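[1] just to be clear, the model below is a prediction. Sequence and coordinates:
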Amino acid sequence: MPHIVIHLSGHPDAARDRRVVDAAAGLTQSVLGKKLPVIAITLQHIPHDLWFIGGRPLSEQGRNAFHLDISVTDETNTKAEKARFIKDVYAAFQDILGELHECSYVHVIDARAAAYGYGGATQEYRHQHG
């Protein structure tokens with residue numbers, strides 16, 4: 001049931017974007033144990049001249065960057081799983097995007113079950129009435 005928001009530097013590229021989405025979904029399944037039918041991903045592009053790191057646009061640095069936020073129900077993943085997910089996403093995106101700036105971030109957001117849900121029901125409700 002995770003929702004993933006990915007920001008990529010640069011312009012859309014259908015083949016590359018599909019690899020990014022597939023990598024994010026695959027790691028969400030294999031590392032965090034989430035089910036594909038409820039993984040929602042949105043992907044947005046930010047031009048290199050509008051993405052700043054250290055006060056300088058990426059267009060001057062010759063690098064790519066990304067930011068990935070993933071919301072998961074709190075207490076459903078261990079610290080080790082989250083650390084591995086962050087490491088593996090960075091490595092996968094490095095492979096796909098190349099010339100990746102170190103200041104590319106992954107944020108695993110632990111959302112309280114009573115305050116997070118989909119289809120009109122909270123995760124807490126789903127757990128209690130599963």
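    Here it is on my side, so go on.
[2] burial measure for residue 128, as a count.
    Per other Cβ atoms under 10 Å, the neighbour tally for residue 128 reads 9. Bear in mind the C-beta positions are built from the backbone N, C-alpha and C, glycine included.
[3] cool, and residue 65?
    Residue 65: 24 surrounding residues under other Cβ under 10 Å.
[4] can you list the buried residues in whichever strand or helix holds residue 84?
    Using DSSP states H and E, residue 84 sits in helix 79-97. In terms of neighbour count (16 or more other Cβ atoms under 10 Å), helix 79-97 has its buried residues at 82, 84-86, 88-90, 92-93, 96-97.
[5] what of stretch 112-126?
    113, 116-117, 122-123.
[6] list the contacts of that stretch.
    1, 38, 40, 71, 73-75, 111, 127 (Cβ atoms under 8 Å, 6 or more residues apart in numbering).
[7] got a list of what the residue lying closest to residue 35 once chain neighbours are set aside touches?
    In space, and not counting its chain neighbours, residue 35 is closest to residue 29: 7.2 Å by Cβ to Cβ, 6 or more residues apart in numbering. By Cβ under 8 Å, 6+ apart, the contact list for residue 29 reads 35-36, 39.
[8] quick check, nearest of those residues to residue 20?
    Taking Cβ to Cβ as the measure, residue 20 sits nearest to residue 39 out of those, at 13.6 Å.
[9] pretty sure the closest one sits against residue 2.
    Yes: contact criterion Cβ atoms under 8 Å: residue 39 and residue 2 qualify, at 5.6 Å.
[10] what ranges do the helices span in the protein?
    14-30, 58-61, 79-97, 123-129 (DSSP state H).
[11] format these as CSV; extra columns: distance to residue 67 and mean pLDDT.
    As requested, these are exported to CSV (distance: least, Cβ to Cβ, whole Å; pLDDT from 0 to 100):
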stretch, distance to residue 67, mean pLDDT
helix 14-30, 12, 98
helix 58-61, 12, 98
helix 79-97, 10, 98
helix 123-129, 24, 88
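[12] redo these as JSON lines? Include distance to residue 8.
    As requested, the helices of the chain are exported to JSON lines (distance: least, Cβ to Cβ, whole Å):
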{"stretch": "helix 14-30", "distance to residue 8": "7"}
{"stretch": "helix 58-61", "distance to residue 8": "11"}
{"stretch": "helix 79-97", "distance to residue 8": "7"}
{"stretch": "helix 123-129", "distance to residue 8": "28"}
